[in-house]
Structure formats: C-alpha cells, structure tokens
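In: Quick one, what's the 3D model for this:
(one chain, ligands or ions: 1)
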Amino acid sequence: MANIIGLTGGIGSGKTTVAKVFATLGIPVFNADAVAKELMQNDPIVKLKLIELFGDNVFANGQLDRNFLAKIVFADPHQLERLNAIVHPITIQAAKDWATMQSAPYVIKEAALVFESGSGEGLAGVIGVSAPLPLRIHRVMQRDNCTKQEVEKRMQNQLSETLKMKLCDWVIINDDQVLVVPQVVALHEKLLKQFSMDNVNPIKPP
Ligand code: ATP
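Out: Below is the predicted model:
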C-alpha cells in the first residue's frame, strides 16, 4: 500500500487548491470529504442509518437533503457526533482500500477533519494548509455565496488553526503573500526522497 499523507487545514484554508498542485505533480489524491458525501448519497447501509437517525426527510426525492442535515447537526453537537460515527469509519476504510490500489511512492488524503475524526491513524504524516482567519472567511463567503455568520458556524466544529498546525508534520502557507506552488514542489521532492528510500530494500549480507 502506498504511504498515505494527510492534507488538512481549516475551512477555506486552501486544501483543495493545494491538493490540485499535488495532483498536477502526478500524486494521486483522495478527497475524503467528497467521498463521504458520495457514500451518504449512494451507500445503501449508510443511507439506512441516516434515515434511522434523522428521519425520512433526510432524503428528498432520493437526494440527500444537505441543508436539512446541516441544520440538525450544526445546531446540536451530539447529533453531529452521531452523524460522524456513521460516516467517518466507512470513509477511513474507503481511503485505505483506495490506497492499496495506488503505486505512487506516496498519496494524498485530503480531509478537513484529520485530528478531530480519528482518521489520522495509519497516516505516514500530515500536511497542514495555513491561512489567516479573515482571509479564510472571505474566501468561503465568495466561493459558497454565504454569510460570515454561516462560515463561522461551520468553523465552530473544527480545532483551532494554531493547534491543528502544531499537530502537522509540514505546513504550507496560503496567505496570498507567499507563493504556494514552489512550497508544494519543494515538499513533494522531500516526500519523494523520503518514501522512495523507504521502498528500497536494504542489501542483505550473504
Ligand atoms: P473547504 O474546507 O471549505 O473545503 P478548502 O480548504 O478546500 O475549503 P479551497 O476550496 O481550496 O479551500 O479554497 C477556498 C477558496 O479560496 C476557493 O474558492 C479557492 O479557489 C480560493 N483560494 C484558495 N487558495 C487560493 C490562492 N492561493 N489564491 C487564490 N484563491 C485561492
């Protein structure tokens, strides 16, 4: 199985943007948040569990009603915990299954919640993407066409940026001041060296 490197950061820090640079460099990327959404929409067991927990209205015309679900879980941390207990383990397993099929020296697993969800287990390291809070809020308001309050509400369920970055092995600064691509290229070269070395079998004495 390829070495899995986590890629995390707060909402709007630029994880997806950084992941795209790794992908351009030929590194396979697993987007945990996208896969989790896909599983909620299409996995029959996950769907049944969601209906059992949140009622039939969680699906409208067969489509997951994300607004309905968001209203419930962002208003009540206990409900969010119950949702995560369904979605996180199956997404973690999907990432492991995917990684076994990759032959690159390392792969990237992009996830908003690495330390919060227990999905840090089994990772060969974690890259953090760091950006100042006002810039993150501004980016998400522009991208999702939503209010400052809505962004701040989503941010409440995440670890503070400072703590998150302290837990990471490498940090990419995405603050509109430092260029991102050269930072990713330099880290990529470092990771290639590190994980290609791991793949070399030491010569055994006769
Ligand atoms: P989320 O956690 O909400 O999924 P994210 O961490 O994946 O967010 P992105 O989607 O990569 O963040 O970035 C948020 C928005 O900011 C996007 O619209 C993206 O295009 C923009 N953005 C991020 N980094 C940069 C940058 N360096 N230059 C210009 N725009 C950027």
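In: only C-alpha atoms for contact and neighbour calcs from this point on.
Out: OK.
In: show me the contacts for the spatially most central residue of the chain.
Out: Central residue of the chain (C-alpha atoms, centre = their mean): Ala111, 0.6 Å from the mean position. Under the criterion of C-alpha atoms under 8 Å, 6 or more residues apart in numbering, the neighbours of Ala111 are 6-8, 31-33.
In: All the strands of the protein, residue numbers only.
Out: 3-9, 29-31, 59-60, 63-64, 106-110, 125-130, 170-173 (DSSP state E).
In: what packs against the last one?
Out: The criterion is 3 or more C-alpha pairs under 8 Å, 6 or more residues apart in numbering; DSSP states H and E, and the helices and strands that strand 170-173 contacts are strand 125-130, helix 180-199.
In: Including pLDDT, could the contacts of Ala111 go into a markdown table?
Out: Listed next are the contacts of Ala111 as a markdown table, based on pLDDT from 0 to 100:
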| residue | pLDDT |
| --- | --- |
| Gly6 | 96 |
| Leu7 | 97 |
| Thr8 | 95 |
| Asn31 | 96 |
| Ala32 | 92 |
| Asp33 | 90 |
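In: out of the residues you listed, what pair is the most spread apart?
Out: Within the contacts of Ala111, two members stand farthest from each other by C-alpha to C-alpha: Gly6 and Asp33, at 12.5 Å.
In: what sits in contact with each of those two?
Out: 110-111.
In: Give me the more crowded residue out of these two.
Out: Between Gly6 and Asp33, Gly6 has the larger neighbour count (other C-alpha atoms under 10 Å), namely 29 against 17.
In: Bridged to that one, which residues?
Out: Per DSSP bridges, the residues bridged to Gly6 are Lys109, Val126.
In: who touches it in this structure?
Out: 108-111, 114, 120, 123-127.
In: Need the worst-confidence member of the residues you listed.
Out: pLDDT across the contacts of Gly6 is lowest for Gly120, at 78.
In: which parts of the chain sit against the ligand?
Out: Proximity of the chain to the ligand is confined to 10-17, 112, 139-140, 143, 174, 176 under the rule C-alpha under 6 Å from any ligand atom.
In: go with 8 Å
Out: Proximity of the chain to the ligand (C-alpha under 8 Å from any ligand atom) is limited to residues 8-19, 33, 112, 129, 136, 139-140, 142-143, 174-176, 179-180.
In: Just the buried ones out of those residues, please.
Out: Among those, those classed as buried by neighbour count (16 or more other C-alpha atoms under 10 Å) are 8-16, 18-19, 33, 112, 129, 136, 139-140, 174-175, 180.
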